[in-house]
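Engineer: Fold the following, please.
(one chain, ligands or ions: 2)
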Amino acid sequence: VAECFNSGALAGLNVHITAGPTREPLDPVRYISNHSSGKMGYALAAAAADAGARVRLISGPVNLTVPTHVERISVTTAEEMLQASLEEINHCDIFIACAAVADYRPTSIAEHKIKKGNEEIMELHLVKNPDIVATIAAREDKPFTIGFAAETRDVISYARGKLDRKNLDMIIANDVSQAGIGFNSDENAVTLVTHTTQIDIPQTSKRQLATQLIEQISLLYKTEK
Ligand code: CTP
Ligand code: CA
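Structural biologist: Ligands and ions are numbered 1, 2, ... in the order given. Purely as a prediction, here's the structure:
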């Protein structure tokens, strides 16, 4: 790993990474979101910068400091994350979608705080958000595009489904059914899946894992691109 990094495995490449959750507002004081901490995306950004890449981190609301030599663009909603992801995408060599994007958003945002009614049941109307990584991967000038698949069962087969459906070059399959790894935790264990290979990376800290992932990504980028 050290040798790989000394040689600047990603030197001269532009790497764009989405990270963290998105927040989808309901009214001026409420939103729909998830428990993503952003740690995996920030760790990948730090590791990519260490490997010599120019890194742009498109981040939802998280409580993390920006890694050194990383440019952060802060966004809130999935739509904002998509807009930010499309900026300068023509200069992007490797796009890594690490964000936990809300799949749906409220159909409308109430102008004023929604008041409690007399009804016991309240229904929310939601509309599907754009798929950011699939939008990037559908472009003619598509960068080497990597997604994450957080799954609680049939992890590899769901991940392969997403790899194919979203036209990705690689997907990082993440079993989030086990306590202590994945979502909102400091450690993770993943399987890296491409159309031709499958590589297990056993449980370790997200920072260590990020270094190993960036090493593998730089190798596969060069062979599969
Ligand atoms: N993703 C995205 N935009 C979305 C939803 C997901 O870019 N609107 C990306 C994530 O960043 C991740 C990959 O797609 O890299 C897979 O996300 P995941 O939530 O696992 O898959 P979905 O396609 O949303 O399917 P589901 O949640 O039903 O499993
Ligand atoms: Ca999803």
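
Engineer: need the residues of the protein near ligand 1, please.
Structural biologist: By CB under 6 Å from any ligand atom, the residues of the chain that approach ligand 1 are 18, 78, 97, 99, 101, 103, 129, 131-133, 147-150, 162. For glycine as for every other residue, the C-beta is placed from the backbone atoms N, C-alpha and C.

Engineer: 8 Å - rerun?
Structural biologist: 18, 78, 81-82, 97-103, 128-136, 146-151, 158, 162, 165-166, 171-172 (CB under 8 Å from any ligand atom).

Engineer: Which of those fall within helices?
Structural biologist: 78, 81-82, 132-136, 158, 162, 165 (DSSP state H).

Engineer: Where does the prediction get shaky in this protein?
Structural biologist: Residues of the chain meeting the criterion pLDDT under 70: 1-7, 182-184.

Engineer: Find the residue at the geometric middle of it.
Structural biologist: In the chain, the C-alpha nearest the mean C-alpha coordinate belongs to C98, at 1.2 Å (CA atoms, centre = their mean).

Engineer: returning to that earlier point: just the buried ones among the residues of the chain next to ligand 1, please.
Structural biologist: 18, 78, 81-82, 97-102, 129, 131-134, 136, 146-151, 158, 162, 166, 171-172 (16 or more other CB atoms under 10 Å).

Engineer: Surely the residue nearest to the centre of the chain and A43 touch.
Structural biologist: No. Taking CB atoms under 8 Å as the definition, C98 is not a contact partner of A43, at 9.1 Å.

Engineer: Good, we can wrap up now.
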